[in-house]
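Q: What would the 3D arrangement of this be:
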Amino acid sequence: MAINFDSALGLHEDALLLRARRAEVLANNIANADTPNFQARDIDFNAILRGESERMSMAQVTTQSGHMSDFIAPDFAAELMYRTPMQPSVDGNTVEVQQEMARYTDNAIRFQSSFTLLNSKFKGLMGAIKGE
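A: Next up, the predicted model:
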């Protein structure tokens with residue numbers, strides 16, 4: 001019997017990739033905190049994950065062999081949104097370093113949680129394969 005990794009792992013794989021992409025965006029914001037006119041950006045994680053969830057629940061039907069069997073990966077489909085600052089800077093920079101650090105830390109904790117969950121799922125699959 002073959003193991004279907006899509007049903008075994010669910011959205012956790014995509015969530016991990018998206019969290020890694022969001023970490024890059026937040027780190028870029030922090031790195032450009034002193035750049036004049038830099039606009040802080042972010043990923044709407046919930047909207048993208050909701051879209052992936054809907055995509056997984058829809059039955060995909062290929063009517064011709066040339067049709068694509070999958071949608072665009074979430075890291076390419078992610079639209080970066082601009083953030084509105086609570087206290088805009090005089091030089092036009094919209095990065096608020098403390099808030100960006102808090103978002104980055106929150107994202108890192110959530111990444112670690114997803115990774116731990118994914119790791120436990122793989123351990124369970126390995127146990128099933130070994131017959132434990």
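
Q: contacts and neighbour counts: CA atoms only from here.
A: OK.

Q: buried sites along stretch 24-38?
A: Val25, Leu26, Ala27, Asn29, Ile30, Asn32, Ala33 (16 or more other Cα atoms under 10 Å).

Q: Save these as JSON lines, and put in secondary structure, distance to Arg103 and pLDDT too.
A: JSON lines is the format used below for the buried residues of stretch 24-38 (DSSP: H, G, I helix; E, B strand; the rest coil; distance: Cα to Cα, whole Å; pLDDT from 0 to 100):
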{"residue": "Val25", "secondary structure": "helix", "distance to Arg103": "11", "pLDDT": "94"}
{"residue": "Leu26", "secondary structure": "helix", "distance to Arg103": "8", "pLDDT": "95"}
{"residue": "Ala27", "secondary structure": "helix", "distance to Arg103": "10", "pLDDT": "96"}
{"residue": "Asn29", "secondary structure": "helix", "distance to Arg103": "11", "pLDDT": "95"}
{"residue": "Ile30", "secondary structure": "helix", "distance to Arg103": "11", "pLDDT": "96"}
{"residue": "Asn32", "secondary structure": "coil", "distance to Arg103": "15", "pLDDT": "96"}
{"residue": "Ala33", "secondary structure": "coil", "distance to Arg103": "14", "pLDDT": "94"}
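
Q: Of those residues, which is the nearest to Asp106?
A: Closest approach between these and Asp106, by Cα to Cα: Leu26, at 11.0 Å.

Q: which helix is the longest one in this structure?
A: Under DSSP state H, the helix in the chain containing the largest number of residues is helix 97-130.

Q: Please name every helix or strand in contact with that one.
A: Applying 3 or more Cα pairs under 8 Å, 6 or more residues apart in numbering; DSSP states H and E, we find helix 97-130 packed against helix 5-9, helix 12-31.
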